[in-house]
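> After the sequence you'll find the predicted model.
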Amino acid sequence: NPEKLLLPIGFSLSGNILLKYLGEGRTVPSQVAGALAVNPTIDLRVSSAIISRQWRCAICNQYFMRLIRNQALAIAKQFPNALNPLKNLKTIWDFDVNYTAPAGGFKDVEDYYRQCSAKHYLSGISVPTSILCAKDDPFIPSEVFDSADMSEWVSLHTPKRGGHMGYISNEITPHGDRRWMDYALLEWVRKQGKPAEQP
């Protein structure tokens, strides 16, 4: 139904993509009444460096690299002329240097990180947008938000605890579990009955 409101929600990297989309000057459909980004990696360079180089993130880096490698191999299988990531890449940073940047047509990895980090586009957002990111997120230091120029349409929520999309509550939520993020997102959707007034 074209009359229904749209409420896009992005998580982590897709949260970064959503914020960039909203702020880079595209024509956003009028049905988009609001948007929510949960733990968005708005500075790709910073997050990539942390995941790739800090020992406390080693398990996460290995997990992400398995997923990325499997996906890239599947692409190469279907599209033989695609850039093949068969090199023994160990980190997200290495993957971005050797695959993401060249496959995307960027000059180098710094160019990729610069063009694709949402922090450069937050000032251009003109849709009511909420960002939820815990202060103890291991990949996204709170300083990246402190230094970002945000539109008046953007509201930032930074609870002390939650990790990278963890948000387990001490108390049982009305849904009968401790998944606070799930409950908070559903409450946010319920409150978006109509487009917000311009700030």
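Thanks, I have the structure now.
> Show the secondary-structure elements that the helix or strand containing R69 is packed against.
R69 is part of helix 58-78 when elements are defined by DSSP states H and E. Applying 3 or more C-beta pairs under 8 Å, 6 or more residues apart in numbering; DSSP states H and E, one finds that helix 58-78 makes contact with helix 44-53, helix 92-95. Any C-beta I mention is one placed from the backbone N, CA and C, and that applies to glycine too.
> Considering the ones you listed, which stretch scores lowest in mean pLDDT?
Lowest mean pLDDT of the helices and strands packed on helix 58-78: helix 92-95, a mean of 94.
> List of residues touching that one?
S48, A49, I51, S52, R53, N61, F64, M65, I68, P85, L89, V109 (C-beta atoms under 8 Å, 6 or more residues apart in numbering).
> So the first one versus V127, what's the distance?
Distance of S48 to V127, computed by C-beta to C-beta, to the nearest Å: 27 Å.
> what about the two, which has more around it?
Legend: neighbour count by other C-beta atoms under 10 Å for S48 and V127, higher for S48 (24 against 20).
> Correct me if wrong: that one contacts Y113.
Yes. Between S48 and Y113 a contact is recorded at 7.1 Å, counting by C-beta atoms under 8 Å.
> Identify the contacts common to these two.
Shared contacts of S48 and Y113, counting by C-beta under 8 Å, 6+ apart, come down to D96.
> before we move on, the earlier item: between the helix holding R69 and helix 44-53, how many degrees?
Helix 58-78 and helix 44-53 are oriented at 110 degrees to each other (axes from the mean of the first three to the mean of the last three C-alpha atoms, to 10 degrees).
> The helices and strands packed on helix 58-78 into TSV, with extra columns for distance to P80?
Listed next are the helices and strands packed on helix 58-78 as TSV, based on distance: least, C-beta to C-beta, whole Å:
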stretch	distance to P80
helix 44-53	28
helix 92-95	20
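> of all these, which lies closest to L18?
helix 44-53 (14.0 Å; C-beta to C-beta).
> so what's M150 up against?
Per C-beta under 8 Å, 6+ apart, neighbours of M150: L122, S123, I125, L156.
> May I have the lowest-mean-pLDDT helix or strand in the chain exported as PDB, CA atoms only?
Within the chain, no helix or strand scores below helix 58-78, which has a mean of 88 by mean pLDDT, DSSP states H and E. As requested, the backbone C-alpha atoms of helix 58-78 are provided in PDB (Å, rounded to 0.1, in the frame of the first residue of the first chain):
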ATOM      1  CA  ALA A  58      39.800 -11.000  17.600                       C
ATOM      2  CA  ILE A  59      36.900 -13.400  17.800                       C
ATOM      3  CA  CYS A  60      34.500 -11.000  16.200                       C
ATOM      4  CA  ASN A  61      37.000 -10.300  13.400                       C
ATOM      5  CA  GLN A  62      37.400 -14.000  12.700                       C
ATOM      6  CA  TYR A  63      33.600 -14.500  12.700                       C
ATOM      7  CA  PHE A  64      33.000 -11.600  10.300                       C
ATOM      8  CA  MET A  65      35.900 -12.700   8.000                       C
ATOM      9  CA  ARG A  66      34.300 -16.200   7.700                       C
ATOM     10  CA  LEU A  67      31.000 -14.600   6.700                       C
ATOM     11  CA  ILE A  68      32.600 -12.100   4.300                       C
ATOM     12  CA  ARG A  69      34.800 -14.700   2.700                       C
ATOM     13  CA  ASN A  70      31.900 -17.100   2.100                       C
ATOM     14  CA  GLN A  71      29.800 -14.400   0.600                       C
ATOM     15  CA  ALA A  72      32.600 -13.100  -1.700                       C
ATOM     16  CA  LEU A  73      33.400 -16.600  -2.800                       C
ATOM     17  CA  ALA A  74      29.700 -17.200  -3.700                       C
ATOM     18  CA  ILE A  75      29.800 -14.000  -5.800                       C
ATOM     19  CA  ALA A  76      32.900 -15.100  -7.600                       C
ATOM     20  CA  LYS A  77      31.300 -18.400  -8.300                       C
ATOM     21  CA  GLN A  78      28.300 -16.800  -9.900                       C
END
